[in-house]
Every structure is written in C-alpha cells, then in structure tokens.
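*Asks:* Any chance you could fold what I've pasted below:
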Amino acid sequence: MAIVHDPGPAGPSGEGETLVVLICLTFLFAFAHVFRAQIKRALGWAEEEPEVDEKKDVEKTADEADPDNVELDEVDKQAQEAWTQPHPYDPSPEFRAKFIKYASFGLVSGNVDQNCESCGQIQGTAAFKVFYFLSGVNWLKVFLFINVWFLIWLFLECLGLMGTGFKLLGGKDSAKLFDVVDNPISGLMIGILSTVLVQSSSTTTSIIIGLVGADEMSVETAIPMVMGANIGTSVTNTLVAMGHFANKDDLRRGFAGATVHDCFNLLSVSVLLPIQWASDFLGRMTYQMAKNAESCDDDTEDCAKTEFLKPYLKPYYDGVAKYDKKVATNVAQGYCDGQCQDAPSKEELKKVTELVCKRGEEDLKCKPVEGYKGSWIEDDIFKKKRLPAFIRFNSATAATEGNLADATYFYKCPEGAACDDLPMFWNRTLDTATPEVVAAMAGMNGQLFQVCDEMKTGLCDKPLLKGGLMLTDWKLEDDSAGALATFLSITGLCVVLYLLVQTLNILVKGQAARFLRKAVSLNGYFSMVIGVFVTIMVQSSSITTSVMTPLVAVGLISLEEMLPLTLGANIGTTITGVMAATVVTSNPVQAWQVALCHLFFNIFGILIWYPIPAMRKVPLNMAKYLGTFTGRYTWFPLAYVFVVFFVIPGIVYGIALAATS
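*Replies:* Coordinates of the predicted model:
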C-alpha cells in the first residue's frame, strides 16, 4: 500500500514556508560558524584555546612535504587513521557535580570524587547513580547526532528543490531533445543532456517510458537514451564534490569518489553500446522476459507507485515550487499543436492517411504533413490521437505544383477560412465518408472538412510551474522560479555540506568511525547491497552517491570502498523503475522492456568491471587520475563538468538537429 502524506494546513504553516525558513536559518548558522572568531571579538568574549585537529595536522604534513615524494595513498591512509583514533570522553568531577545539581534541581547530591565509573565503583543512592551516569554522557554528540539527521534531511530537500529548479529552467527544451533521436549515438548524448538539464534520471526515464508506452519511440531507440540517463545522473554528486574547494586534499578525494560513478558508466557504455547497436541483445532478451506482462487494472488493483521516503520529502520542495510533468511529456510526444480525443474507426483512419500521405497512387510517405514523425503511424495508418482537426482537398494541379498530397492536414482552422459550420468528413454511425466528401473527392478543388470533432489544444502552453510558494505567493514565472529555486538549492547544498562535514569532524571519530569502516570494508558485495537498499529507500542514486561523496572527501571512506556503494546505487535506481513498471496501465511489455534494459545494463556493467581485480582497477585508476589532476588544478572540476555533460552532448545534439532539419 502506498504511503499517504498529510500535507497539513496551507498558508504560513505549510511545508514550503518551513523549508525556506530552515534553509535561511541554516545560512545564518553557517555564517556564524565561519566568522565565529570575529563575532567573539566583537562581543568581547574571551578567546578559547584552538583545538588540535589531527586531520589538519595530516594535511599540513602533506602540504609541507615535497610534492614529488608524497604518496597520496599514504596521505589518505593517515587521514583515515585520524578519524579512527580513540577519542575518550571523561568529564571532570566539577562538571559532573554541576550537572547532577542542575539536572535534579538540587534534589540529588553525592560525592563524585569517590566514584569511578570505569572501575564499576559508584556509591550513593539509586537516583544519584542514575544522574551520575547521565553526567558521563557526551550530550554534545547526542545533539550533533540528531543534527546530522536533520542536515541529511535538509540535504535531500535541497537536492529535490535543485531538480525542480533545473526542470523549470530546461523542462520544455529538454523534452524537445527527444524529437531528433535517429541513431544510438544521438540517443545516448540526448539522454545525458536531458538528464543534466532536469537533474533527474528518473524524470528522463519516465519520459522515455511514456514515449515508448505511447508508441512514440521504439524500445531499440530508447535503450541508448537510458544509458545516457545513467551517465547524466552522476553530475549531481560531481557538483557536490566541488563543495570541498577549501581543502585541496578533500577536493581530490571527493572528486575521485564522485567521478568513479562517471568512469564506471562511461566504460560500461563504451563496451555495451556497440554490442547493443549491432545486435539489439538487450531488446531481444527483455522482450522474451516481458512478452507476457499484463497492465495494471485500475478497477481491481492499486496502481499507485510504491514509494518510501519520497512522500515525506516531496511535499516540502513541492511546497516551494511544484513542477508539471505532464506539460513536458506533451512536448516530448509532440502534442503541442493538438491531440484528437475522438474514437475513429480503422476505416476512417485509413482513408485520412491515404488522402494526406498520397497523391493519386504515388506514396509521399506523409512528407507534406507538417511536423510528421514516423511514430505517428501504426500498421500503416494514423494513430487515433494524430487525427487532424481539418483536411482540405487539393486540386490535381495545385497538388502537383506544390508537391502536396490529395488533401492537406490541419491541426487548426486554416487562416482566412470559416470553420464554424463545416460538414464532417466521416459518418461514424455508418462508418463511411459523408456524401459531401464523396462529391468533393470527385471535384478536388479546395473543399474543407472537419475530421476531429474534439481537438484538445494548448497542451504545451501551460506553465511548468503549477504550484508552491513561488507561484501562489510570489507570482513568479517558470524562468524566474527556476533560477531562484536553483540558486537557493545549490547554495543550500553547499552550506549544508559545510555544516555536515564540520559536524562529522566532531561526531564520527573514534568508535563511530571504526564501526562505519568495518561496515564498508567487510565485503564489496555487501557494500553493493547497502547501496541498493539505501537507493531503494530514497529512490534516487544521485542522493545516495551525493551523501557518500563527503565521506570520501574527508577520508573516512576510501575510493575502493566507494565503488561498490556506487554500483549498488546504480542497481537500486533501476529497481525503482521495475517497481514503476508493475503498475503501468497501458503497453506493459514496452514499459517492462525499458525498465529491464536499465537493470541489465548495470548488471552486465558490474559483471565486466567489478569481479576481476584487474578490470576493477580500470575505473578506479581513471577516477584517481581525475582526482589527482583536480588536486593540482582546482579549475579542472568545472571544466570537466562543462565539457563532459554539456559541450560534447550539446555538439552531438546540434549535429543531430541540423541533420534532421
């Protein structure tokens, strides 16, 4: 059963207002932390002795050493050891006495100097023993532990808001990218570019599944686009890694940990895409697996998509800006000019197709139809939703001179024509052409007829922003709302990341760090299971890898341990697609094929690049090289993201668009 979220009252107490206030308060807290020394001096407070940070000492040692003689692996090992060193908490007797006094409101007393908790010798009443135990609890770490979960929640909210911002900025344009997919390479690049623009592989995959389900795109064409979406989704954690610019070692480790995702995806595509192009093995294999799939019946089954954490995250960032996915879907499927809502017979569709796609016996392949794509045709006739609003017969002379078909296809009333009382093209009761049409076909001299009785228009004219603070209270349009949401979320991500790292510097040291180290170093395949589980829960591989990237940056998780977590995240995000395929209400075979292709692409990639140690080193060494280069040239991450995720896919898209035009 799907989780139902109660949005609560609208207005000042709504989720959108809450999220904006929390992000702004986080900005203030981070500002106060960064300038805490100056604030203390301004207020006249005594300066405390600076604490010795072992991690900083390690980095200082690495910086002062000769760069040519420094082994980066040794530097990373020392940083990791600094986290796992014991940090015992032993409060003084004075602190314990004050804690017991104030916590008990002066009702409990005893001699703290005569007690030894580590020796098991605690004397006094039962109440005193309880308060003595509580006085030994590190309450700062308890508070910070709660704060970490709050920061992780806020981090996820900022990621969701960033996705909405990018969708608002590039939603319609990214949906139009799908119009020019005519070969696997352009499909791959458009999958990358569209995912980067909307910051969500799940959105791109949903559009692809929608196109395949509506017979607007073949499964064979969709597979390279899914591969591209797999690559494009890794841009999020690459951007997160850039939040460590202040420390070159953290930036080096973080960027390597983020780009190992890129390297694996790029290597998998380089091997599997040519094989897929030559043989369509994924399409053939998944068809055999899914050919008996049945659609979900709305009348007898619950066809709502199962979600876990998203129902508790989505209301908050939707409360700031809510995105209308249907508009982008209509753009992608080419229904901007109109969509016929009638239920014509096959005979009517066949006759219309002949008139607008042929001139006499000459087949013009529907080229005279404006905006025509091959996906409009099924079994050599137009699909029902592609029926024109009007057709106008052309004389033989006009058709020959203008290279026109026997009739011209119109989505709306032609300019200068009166379309209010036009005769209908087809008698649907008798399932035959009307007498007026039969007479017009004999004359063929510009007669105009209405074909579709109910033409739905303006499907792409609606704004993408359909709700949230930015629409209801701030009255913003798509572009301004997208820019503000993107700025607010990216700034929020950087601030939350800074506070998260500062909190972990205190919290995850000693025993906690050793526990985490044991969990991720136990076994690579166990780490994959962790990655799968976490990603299924949050339903986004970007979120999983983005949360792990800071841990790699500070040295707590090694690059070798990050790789299986990333691979698990890749598998986890495909499971969500499979779960979505179980509740589709139309074209289930195609939906299952796309979902299974995404799953097996990642499984085959793992089988190629992970089990054999020598093969595993390829993506690891690539990521290490990128990280090392970043450590030397801090401008490199920006250049890398710009070239890999924008320039190369953009150039290929431009070439494909020019070729299509």
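*Asks:* where in the stretch 1-150 of the chain is pLDDT low?
*Replies:* Where the stretch 1-150 of the chain drops to pLDDT under 70, the residues are 1-13, 46-70, 80, 82-87, 112-123.
*Asks:* remind me which residues of the stretch 151-300 of the chain are low pLDDT?
*Replies:* 170-182, 198-200, 202-203, 210, 213-216, 295-300.
*Asks:* For it, which segments count as helices?
*Replies:* Here the stretch 151-300 of the chain has its helices, by DSSP state H, counting those that start in this stretch, at 184-198, 201-213, 219-232, 235-241, 248-279, 281-290.
*Asks:* Can you add mean neighbour count and distance to Thr574 and give these back as TSV?
*Replies:* In this view, the C-beta of every residue, glycine as well, is placed from N, C-alpha and C. Shown next, in TSV, are the helices of the stretch 151-300 of the chain (neighbours: other Cβ atoms under 10 Å; distance: least, Cβ to Cβ, whole Å):
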stretch	mean neighbour count	distance to Thr574
helix 184-198	26	14
helix 201-213	24	9
helix 219-232	26	9
helix 235-241	26	17
helix 248-279	22	13
helix 281-290	17	12
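*Asks:* I'd like to know which of those helices is closest to Leu309.
*Replies:* helix 201-213 (13.6 Å; Cβ to Cβ).
*Asks:* Ala418 falls within a helix, correct?
*Replies:* No - counting by DSSP: H, G, I helix; E, B strand; the rest coil, Ala418 is not part of a helix but coil.
*Asks:* still on that earlier bit, including distance to Val75, could the helices of the stretch 151-300 of the chain go into TSV?
*Replies:* As requested, the helices of the stretch 151-300 of the chain are exported to TSV (distance: least, Cβ to Cβ, whole Å):
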stretch	distance to Val75
helix 184-198	32
helix 201-213	34
helix 219-232	30
helix 235-241	18
helix 248-279	6
helix 281-290	42
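*Asks:* So which of those is nearest Ala30?
*Replies:* Closest to Ala30 of the helices of the stretch 151-300 of the chain is helix 235-241 (Cβ to Cβ; 16.0 Å).
*Asks:* Which elements pack onto that closest one?
*Replies:* helix 248-279, helix 478-507, helix 541-553, helix 636-642 (3 or more Cβ pairs under 8 Å, 6 or more residues apart in numbering; DSSP states H and E).
*Asks:* Identify whichever of those lies nearest to Leu355.
*Replies:* Smallest distance to Leu355 across the helices and strands packed on helix 235-241 (Cβ to Cβ): 37.6 Å, for helix 248-279.
*Asks:* That closest one relative to helix 478-507, how many degrees between them?
*Replies:* Comparing the axes of helix 248-279 and helix 478-507 via axes from the mean of the first three to the mean of the last three Cα atoms, to 10 degrees yields an angle of 120 degrees.
*Asks:* just the angle between helix 248-279 and helix 219-232, please?
*Replies:* Taking the same axes, to 10 degrees, one finds that helix 248-279 is oriented at 170 degrees with respect to helix 219-232.
*Asks:* how far does helix 248-279 sit from the chain's center?
*Replies:* Remark: helix 248-279 is offset 17 Å from the chain centroid, using Cα atoms, centre = their mean, to the nearest Å.
*Asks:* repeat for stretch 430-440
*Replies:* On the basis of Cα atoms, centre = their mean, stretch 430-440 sits 52 Å off its chain's mean C-alpha point.
*Asks:* contact partners of that stretch?
*Replies:* With contact meaning Cβ atoms under 8 Å, 6 or more residues apart in numbering, stretch 430-440 is reached by 345, 347-348, 351, 393, 423-427, 441, 447, 449.
*Asks:* measure Phe281 to Ile612 for me?
*Replies:* Phe281 is 21 Å from Ile612, where distance means Cβ to Cβ, to the nearest Å.
*Asks:* swap in Trp45?
*Replies:* Separation of Trp45 from Ile612 (Cβ to Cβ): 59 Å.
*Asks:* now do Lys291
*Replies:* From Lys291 to Ile612 the distance is 34 Å (Cβ to Cβ).
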